[in-house]
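>>> Below is the sequence, then the predicted model.
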Amino acid sequence: MDEGLVRAKIPPHLVDLLSVQSETYSKADAFTQAFLKSSIPPRSRHDIKEMLGHKAVILGYTRTNKEKKRNKKAKGLSARQKREMKVFHIKPEQQRYEFFLPLHELWKKYIIDLCNGLKPSSNPQLVQQKLLKADFHGAIVTVVRSKCPSYVGTTGIIVQEFKHIFKIITKEDKLKVIPKRNSVFSVELNGFISHIYGSRFEHRASERSAKKFKLKGTIDL
């Protein structure tokens, strides 16, 4: 921009429109020097005239110290807090087998979709691999083997699954807590019967989907 244009007086038709008056050269120069001193960093104030003659000046350089905001993930409840709040507690009046039958129907549809439709021609090993990574909330299971004889023969709908246990509601409206370790469970769906070795199944449902299981193997009971 032409320096003469910058230093030129404000045209008369803009004086009334902008409500400003042109200052004399001395006043304008004094204002410019004061403005630059307040806007230029202290280290660069030693020779303002030389700076103006050679390079552009960055005004408003002063920066405020801003605290860095860290993206903190919301912490979930601890296991102790969940126990104190009884997050997973099922009230006695809600321990009814018939209440969980709709959940079982949803689970059957979920498994059929997961296995791309259960047909007589389906590969049993592929179905078994899918079941090992599936969510079992709503599945009807039967304890077929266990180190504790009283668990054998227990059949019901899985209403809650934890890392080490299944909570099963039986047809007699009894809530049973069955440990996975040293137990074998059978699951039947559309003619397919799958056996699940609990000792190899001690994972949360959310963790199991990413785990690799071996289809072959034995368990000592």
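On my side now, so go ahead.

>>> CA atoms for contacts and neighbours, from now on please.
Noted.

>>> and residue 181, what is it in contact with?
Applying CA atoms under 8 Å, 6 or more residues apart in numbering to residue 181 gives the contacts 164, 198-200, 202.

>>> can you give me the helices for the chain?
3-7, 12-18, 25-39, 48-54, 79-85, 101-114, 124-132, 205-208 (DSSP state H).

>>> Now do the contacts for the closest residue to residue 145 other than its chain neighbours.
Using CA to CA, 6 or more residues apart in numbering and skipping residues adjacent in sequence, the residue nearest residue 145 is residue 184, 5.0 Å away. Contacts for residue 184 (CA under 8 Å, 6+ apart) come out as 143-146, 195-198.

>>> Mind putting these into CSV with pLDDT and neighbour count?
Output for the contacts of residue 184, formatted as CSV (pLDDT from 0 to 100; neighbours: other CA atoms under 10 Å):
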residue, pLDDT, neighbour count
143, 95, 23
144, 95, 17
145, 93, 17
146, 93, 21
195, 88, 17
196, 86, 20
197, 87, 20
198, 86, 22
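
>>> State the pair within those residues that is farthest apart.
Farthest apart among those by CA to CA are 146 and 195. That separation is 12.8 Å.

>>> how long is stretch 78-94 end to end?
With CA to CA, to the nearest Å as the measure, stretch 78-94 spans 25 Å from end to end.

>>> For the residue nearest to residue 174 when sequence neighbours are not counted, the count of nearby residues, please.
Counting by CA to CA, 6+ apart, residue 95 is the residue found nearest to residue 174 once chain neighbours are left out, at 7.0 Å. By other CA atoms under 10 Å, 18 other residues sit near residue 95.

>>> roughly how far apart are residue 95 and residue 35?
From residue 95 to residue 35 the distance is 78 Å (CA to CA).

>>> and what of residue 141?
Residue 141 is 82 Å from residue 35, where distance means CA to CA.

>>> quick one: which of these two has more around it?
In this view residue 141 and residue 35 are compared by other CA under 10 Å, and residue 141 has more residues nearby, 23 against 12.

>>> So that one versus residue 177, what's the distance?
Residue 141 sits 13 Å away from residue 177, going by CA to CA.

>>> try residue 169
Separation of residue 169 from residue 177 (CA to CA): 9 Å.

>>> Of those two, which one has the most company?
When residue 169 and residue 177 are compared for neighbours, residue 169 comes out ahead with 25 against 15, by other CA under 10 Å.

>>> Next up, the contacts around the residue lying closest to that one once chain neighbours are set aside.
With sequence-adjacent residues excluded and distances taken as CA to CA, 6+ apart, residue 169 is closest to residue 175, at 4.6 Å. Contacts for residue 175 (CA under 8 Å, 6+ apart) come out as 95, 167-169.

>>> which of those residues lies closest to residue 79?
Nearest to residue 79 out of these is residue 167 (CA to CA; 17.4 Å).

>>> in the sheet, who's paired with the closest one?
In this structure, residue 167 bridges to residue 160, residue 177 when assessed by DSSP bridges.

>>> Now do the same contact list for it.
Here residue 167 is in contact with 158-161, 175-178 (CA under 8 Å, 6+ apart).

>>> do residue 135 as well
205-206.

>>> ok, 10 Å please
107, 110-111, 161, 204-206, 208-209 (CA atoms under 10 Å, 6 or more residues apart in numbering).

>>> what does residue 99 give?
169, 173.
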